[in-house]
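**Student:** Could you look at this predicted model? Sequence included:
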Amino acid sequence: MKKIIKSGLTVFIIATIGALLLAWVYSFTNPKIEEQKFLSIKNAIEEIFPNQIGFDEMPEFKNKIIENNINIITVYKVKFENGEFGFVVRAIYSGYGGKVESLFGYQDKKSKGVYVLEHSETPGLGSLITSKDFTKQFINKNLSDPFIPKQDVQAITGATISSKTISNAIKTIGKFYLDNIYGGKK
Amino acid sequence: MKKNIFKEFTKGLAKENPILIIMLGLCSVLAVSTDVANAIGMSLGFSFVLIISELLVSIFRKIIPNEVRIPIFLVFIAVPTTIVDLVMKAYFPPLSKSMGVFIPLIVVNCIVLGRVEAFAYKKGVLETLMDSLGMAIGYSWVIILLSIIREVLGKGTFLGLRVLPKAYLPMSILTFPPGGFFLIAVFIAILNGILNRRS
Amino acid sequence: MLSNLLKIIIAATIVDNMVFIRYIALCSYVGVTNSIDASIGMTFAVIFVQTIATAITWIVFHLFMQGLEFLQIIVFIFTIASLVQLVEIYLKKNVPSLYKAMGIYLPLITTNCMILAVTLINIDKNYSFIESLVYAFGASLGYGLALLILAGVRERLRLSNIPKFFRGYPIVFASMALIAIAFLGFKGLIK
């Protein structure tokens, strides 16, 4: 009996010391982790709107599932120096290999570009949706365009479905943006 | 005496290489060796956990009760692993993201638990240090060499920079699971061949 | 709802197969595929422990660990280790037939990285309780499938004439490469 108590106590003490040590490490890594999360969003928004001077989350659009099973995580309202606004929608859609999390930029009746945060598309083919060569065609594209690969969108060779799902997401979210965000403001 | 300690160090490099001979801890090796950067990050994280936990166990081996040694080993392994996880998240977020679940999985990496149980729990601190260093380097060279082959031939890049001309069509199968399995097979065959010839 | 669960189970079993696509649980995998019987025993043990471990870790994480996320690894591995121990004791006492079938594989399971990996992935993907269970079940089913396929291949390999340096493990990995190519073909199955 005494032996059991002694062993149990040893485990307990060591586990407590371990937990305290981790709490201490966590106390100084956590602010850094939060900062990194914010920075990665900020960099992505800057990539879409280089002339931004600040952005705010719009709480009314948090966690909404819209057409085509696209999940809008949140919407950022981006301010520019000249007093105008742009909008960045952070959303998850289904790509070829799984979920794709991206930022979609919109201003007036135009798509302003897309920035892929996370994806599991085929490396070397579908993963090219992150390349500038592919995404630059969505900058300043009218939302009334059809957004169909091989018509008005240049598809990635060997990754038609990846190209199609992302174009489709831009169009669908664009429609949501026109109806709810853009229309609601003017 | 001195020669013995040196032997503890060198055995991990080839003769008792944790990956190619003992065949443990393969999951992380195959999963993160698609990029050289990932492989270096994983090697550092793994080496840190292995060395710290082996040393801790060796230092405290006299006061660890035999019946509850496994839970105590798990604490000694899980704490450094969590530290690696948190530090990677805080200071190298892209690296942490691409390695994903494989950092926490160092806890159940069979090499760590295996070395702790079979070596550190029985041997002195100096020998344990040598053993852990050797095993860490033995793990690292395999994973980094594997990643160089997979990244250069599979993507045409090295550490993200293009090294092969654009005209080179990457053998992207190497970055997929089949390529990884096949390369490991070839590695083991070559090492077996060399060791066989020597003896 | 139901179609969503079906998607998760197919993804976990085939498309994202733990062994061939995600490279998880390779150590134990190479070890037990020596024989088909061992593979079957291991599969049942994994399905059993994986599902229970997922249920417990999910509840522990969502009920008690708000703000203590940094203890996730240590708490989960402890939960799994003690669960395996308890299951072993319970089966030995009460269900000896089951213990006979999968008992010797239970101690191996603590270090089967799949158990911990699946519980962590469930938290990471923010799955609900039911989704987590379905994912865990699917993943272990996929693991079992992978075990049986390779065990079958290895039984045939024993009779074949293999180049000298490829004998033993190298040929096993080469066969795994070929099976993995087949699994790669399922990519894109789930939309």
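**Tutor:** Thanks, I have the structure now. Only a predicted model underlies this, so the values are computations on that prediction, with no experimental measurement involved.

**Student:** Report the rounded mean pLDDT for stretch C:106-122.
**Tutor:** Mean pLDDT, stretch C:106-122: 85.

**Student:** Now do the strands in chain B.
**Tutor:** Using DSSP state E, the strands assigned to chain B run over residues B:157-158, B:161-162.

**Student:** In terms of mean pLDDT, which of the ones you listed ranks lowest?
**Tutor:** strand B:161-162 has the lowest average pLDDT among the strands of chain B, namely a mean of 84.

**Student:** Give me the most central residue, chain A.
**Tutor:** When CA atoms, centre = their mean is applied to chain A, the residue found nearest the centroid is A:Ser102 (3.5 Å).

**Student:** That one reaches A:Leu117, doesn't it?
**Tutor:** Yes - A:Ser102 lies in contact with A:Leu117 (CB atoms under 8 Å); the separation is 6.1 Å. Heads up, the C-betas are built off the backbone N, CA and C, glycines and all.

**Student:** Overlap in contacts, the two.
**Tutor:** The contact sets of A:Ser102 and A:Leu117 overlap at A:Arg90 (CB atoms under 8 Å, 6 or more residues apart in numbering or on different chains).

**Student:** and chain A, which of its residues are near chain B?
**Tutor:** A:3, A:6-8, A:10-11, A:14-15, A:18, A:21-22, A:25-26, A:29-30, A:32-33, A:36-37, A:40, A:118, A:123-125 (CB under 8 Å from any CB of the partner chain).

**Student:** For the longest helix belonging to chain B, give the mean pLDDT please.
**Tutor:** Secondary structure of chain B per DSSP state H: the longest helix is helix B:125-155. Average pLDDT, helix B:125-155: 93.

**Student:** Mind checking if stretch B:42-50 is in reach of chain A?
**Tutor:** No - contact check for stretch B:42-50 against chain A, using CB under 8 Å from any CB: none in range, with a minimum separation of 12.8 Å.

**Student:** what about the residue in chain A that chain C sits nearest to, neighbour count?
**Tutor:** Per CB to the nearest CB, A:Tyr26 is where chain A lies closest to chain C, at 4.1 Å. Using other CB atoms under 10 Å in any protein chain shown, A:Tyr26 has 19 other residues around it.

**Student:** residues contacting C:Leu184?
**Tutor:** Per CB under 8 Å, 6+ apart, neighbours of C:Leu184: B:Phe176, B:Pro177, B:Pro178, C:Ile21.

**Student:** Just give the number of residues close to the first one.
**Tutor:** The burial metric for B:Phe176, expressed as a neighbour count using other CB under 10 Å, is 23.

**Student:** how about the nearest residue to it, chain neighbours excluded?
**Tutor:** C:Leu184 (6.1 Å; CB to CB, 6 or more residues apart in numbering or on different chains).

**Student:** pLDDT wise, what is the one you found at?
**Tutor:** 87.

**Student:** A:Gly113 - that's part of a helix, no?
**Tutor:** No - A:Gly113: not assigned to a helix; according to DSSP: H, G, I helix; E, B strand; the rest coil it is strand.

**Student:** For it, list each beta-bridge partner.
**Tutor:** Beta bridges link A:Gly113 to A:Gly105 when assigned by DSSP bridges.

**Student:** Name all residues that make contact with it.
**Tutor:** Counted by CB under 8 Å, 6+ apart, A:Gly113 has contacts A:Glu47, A:Ile48, A:Gly105, A:Thr135, A:Lys136, A:Phe138, A:Ile139.

**Student:** Could you identify the buried members of those?
**Tutor:** Taking 16 or more other CB atoms under 10 Å in any protein chain shown as the criterion, what is buried in these is A:Ile48, A:Gly105, A:Thr135, A:Phe138.

**Student:** and the residue nearest to the centre of chain A, how far is that from A:Val89?
**Tutor:** 9 Å (CB to CB, to the nearest Å).

**Student:** Also C:Ala180?
**Tutor:** Taking CB to CB as the measure, C:Ala180 and A:Val89 are separated by 37 Å.

**Student:** Over to C:Phe129?
**Tutor:** Per CB to CB, C:Phe129 is found 29 Å from A:Val89.

**Student:** Tell me which helix or strand the most centrally placed residue in chain C sits in.
**Tutor:** Nearest to the mean C-alpha position of chain C, counting by CA atoms, centre = their mean, stands C:Ser140 at 4.2 Å. Here C:Ser140, judged by DSSP states H and E, is contained in helix C:129-157.

**Student:** tell me which residues in that helix are buried?
**Tutor:** For helix C:129-157, the neighbour count (16+ other CB under 10 Å) marks C:131-147, C:149-151, C:153-154 as buried.

**Student:** Which elements pack onto that helix?
**Tutor:** In this structure, helix C:129-157 makes packing contacts with helix C:2-10, helix C:26-32, helix C:36-64, helix C:113-124, helix C:169-184, judged by 3 or more CB pairs under 8 Å, 6 or more residues apart in numbering or on different chains; DSSP states H and E.

**Student:** quick check: mean pLDDT across it?
**Tutor:** For helix C:129-157, the per-residue pLDDT averages 92.

**Student:** Can you check what angle separates that helix from helix C:36-64?
**Tutor:** Per axes from the mean of the first three to the mean of the last three CA atoms, to 10 degrees, the angle that helix C:129-157 makes with helix C:36-64 is 160 degrees.

**Student:** Where does pLDDT dip in chain B?
**Tutor:** B:1-3 (pLDDT under 70).

**Student:** Start from the N-terminal end of it and give the helices.
**Tutor:** Going by DSSP H, chain B shows helices at B:2-10, B:26-32, B:36-60, B:69-91, B:93-99, B:110-115, B:125-155, B:177-198.
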